[in-house]
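need coordinates for the following:
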Amino acid sequence: MDRDPAEDLLAIAIELERAGEAGYRIKAFRRAAQTVAATGRAELAARAAEGSLARLPGLGDVTARCVAESLAGEEPVYLRRLLATADRPLDEATEELHAALRGDCHSHSDWSDGTESIAVMADAARALGREYLVLTDHSPRLTIARGLSAERLEAQLIEVERLNTGYGDGFRLLSGIEVDILDDGSLDQTPELLGRLDVVVASVHSKLRSPADVMTARMLAAVADPHIDILGHCTGRLVRRAAGDTSTQTRPESEFDAAAVFAACAARGVAVEINSRPDRLDPPKRLLRLAVEAGCLFAIDSDAHYRTQLDWLRFGCERAARCGVPVDRVVNTWPAERLLAWTRRDRG
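Just a heads-up that it's a prediction; the model follows:
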């Protein structure tokens, strides 16, 4: 079926306008539509074949991908997502995602910088109807958060195993870590220990203002590590003060090539975290949409540091619904066995 790439781009702009999205995004698609309309189809096809569509004035990676899909006779994924959610109330889409969540893949206890015991956090997750909770205390380098040495992590694994023997309702406490991504992109724990954990969340916590090329290389190296399952709070931003924080500063996003990082995540089967903390809400919506377009998996996580924060998942679900994240691409909507089959897959 022949499609008109300019009309598809214009249709996207119209749907964005209906959804009340940012004006700059609407203008970008309208500008791209004008460029495409003024360019011959033969030239568009040739550029699509050689991968140079984004070099046309007014086109970028996202609009170029839409044009290529349209030229191939396919409804652009971006447009399909917008049309699928256009007439659906946000509350309904949010509730569907929230109801589908079976577990939480990012939580902390008083073994690192949380304020509650592992048992209390697990019991709170059970009370919320979760089928599993992944315990992801920090790794050694994050000394300010009392990161776990190899010896302490070994002891925690024993404690997790002990607690699991007492649950008779099918609930499972899964072992994990929020491991620091070091300056060179390596992970801050021994490969042997990382290989024994159920879920590995990897996050950048230092040198967040590094140049974009340096941060990109660092994140790409981490995503290539065979032990990483989830890329945590990818921009590191803080959008407002956390409760009890008396500072007046927020933290800007780290700069990196998001398209390259998300493409690597999609290729490697690494999930992008949708961090539900009200002071993070990371990634920003424009990057979350980019990750959807890249075909990434996602984990909607609370990043809870005490029991009541485990109920923050709804904030992440709302952002995911706004950005058209498909329910079946959210790994913590999966049963525990499917989640573990994914984390134990052969990474090559």
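
any regions of the stretch 201-348 of the chain where pLDDT drops low?
The stretch 201-348 of the chain contains residues with pLDDT under 70 at 240-249, 348.

do a quick rundown of the helices in it.
212-223, 258-268, 285-294, 313-322, 336-343 (DSSP state H, counting those that start in this stretch).

of all those helices, which one is nearest G103?
helix 336-343 (6.8 Å; C-beta to C-beta). The C-beta positions use only the backbone N, C-alpha and C, and glycine is treated the same way.

report how many residues lie close to A212.
12 (other C-beta atoms under 10 Å).

the one 10 residues further on now?
One way to gauge burial is a neighbour count; for A222, by other C-beta under 10 Å, it gives 25.

is it in contact with L187, as I believe?
Yes - look at A222 against L187 with C-beta atoms under 8 Å: they come within range, at 6.6 Å.

joint contacts of those two?
Both A222 and L187 are in contact with I181, A202, I228, where contact means C-beta atoms under 8 Å, 6 or more residues apart in numbering.

out of those, grab the one that's most surrounded.
The most crowded member of the shared contacts of A222 and L187, judged by other C-beta under 10 Å, is A202 (28 neighbours).

grab the nearest non-local neighbour of that one.
Distances taken as C-beta to C-beta, 6 or more residues apart in numbering place I228 nearest to A202, at 4.6 Å, with adjacent residues excluded.

which residues touch F29?
L9, L10, I12, A13, L16, T63.

oops, could you answer that again for R172 instead?
Counting by C-beta under 8 Å, 6+ apart, R172 has contacts E131, Y132, N164, A336.

and stretch 160-179, end to end?
Using C-alpha to C-alpha, to the nearest Å, the end-to-end distance of stretch 160-179 comes to 18 Å.

also stretch 195-213?
End to end - C-alpha to C-alpha - stretch 195-213 spans 29 Å.

now do stretch 111-129
With C-alpha to C-alpha as the measure, the first residue of stretch 111-129 is 24 Å from its last.

other residues contacting that stretch?
Contacts of stretch 111-129 (C-beta under 8 Å, 6+ apart): 103-104, 107-110, 132-133, 135, 137-138, 142, 144-148, 152, 156, 159-160, 163, 167, 169, 171, 173, 304-308, 310-311.

quick check: L194 is in a strand.
No - counting by DSSP: H, G, I helix; E, B strand; the rest coil, L194 is located in no strand; its state is helix.

give me the number of residues near it?
22.

residue contacts, it?
Per C-beta under 8 Å, 6+ apart, neighbours of L194: I177, V179, L187, V200, H227.

residues in contact with A37?
For A37, counting by C-beta under 8 Å, 6+ apart, the contacting residues are A6.

please report how far it lies from S107.
Distance check for A37 against S107: by C-beta to C-beta, to the nearest Å, it reads 50 Å.

which positions in stretch 127-139 come out as buried?
R130, E131, Y132, L133, V134, L135, T136, D137, H138, S139 (16 or more other C-beta atoms under 10 Å).

check contacts around the second one.
Okay, so that is E131. So E131 contacts R102, G103, G170, F171, R172, P335, A336 (C-beta under 8 Å, 6+ apart).

where along the stretch 1-150 of the chain do the helices fall?
Taking DSSP H, counting those that start in this stretch to define them, one finds helices in the stretch 1-150 of the chain at 5-18, 23-37, 41-50, 61-71, 77-85, 90-100, 118-127, 150-164.

hmm, back to that, can you list the contacts of R172 in a markdown table and add distance to E116?
Shown next, in a markdown table, are the contacts of R172 (distance: C-beta to C-beta, whole Å):
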| residue | distance to E116 |
| --- | --- |
| E131 | 20 |
| Y132 | 17 |
| N164 | 18 |
| A336 | 22 |
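
among those residues, which two are most distant?
E131 and N164 (12.9 Å).

okay, the helices of the stretch 201-348 of the chain in JSON lines with distance to G23 next?
Formatted as JSON lines, the helices of the stretch 201-348 of the chain follow (distance: least, C-beta to C-beta, whole Å):
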{"stretch": "helix 212-223", "distance to G23": "25"}
{"stretch": "helix 258-268", "distance to G23": "21"}
{"stretch": "helix 285-294", "distance to G23": "13"}
{"stretch": "helix 313-322", "distance to G23": "17"}
{"stretch": "helix 336-343", "distance to G23": "39"}
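
out of these, nearest to E96?
Short answer: helix 313-322, nearest of these by C-beta to C-beta, at 7.7 Å.

chain center to the closest one, what's the gap?
Offset of helix 313-322 from its chain centre (C-alpha atoms, centre = their mean, to the nearest Å): 12 Å.

buried sites along it?
Result for helix 313-322 [16+ other C-beta under 10 Å]: buried residues L313, F315, G316, C317, E318, R319, A320, A321, R322.

picking that back up, nearest to N275, out of the helices of the stretch 201-348 of the chain?
helix 313-322 (6.8 Å).

and that closest one with helix 285-294, angle?
60 degrees (axes from the mean of the first three to the mean of the last three C-alpha atoms, to 10 degrees).

show me what contacts H98?
Applying C-beta under 8 Å, 6+ apart, the residues near H98 are L313, R314, C317.
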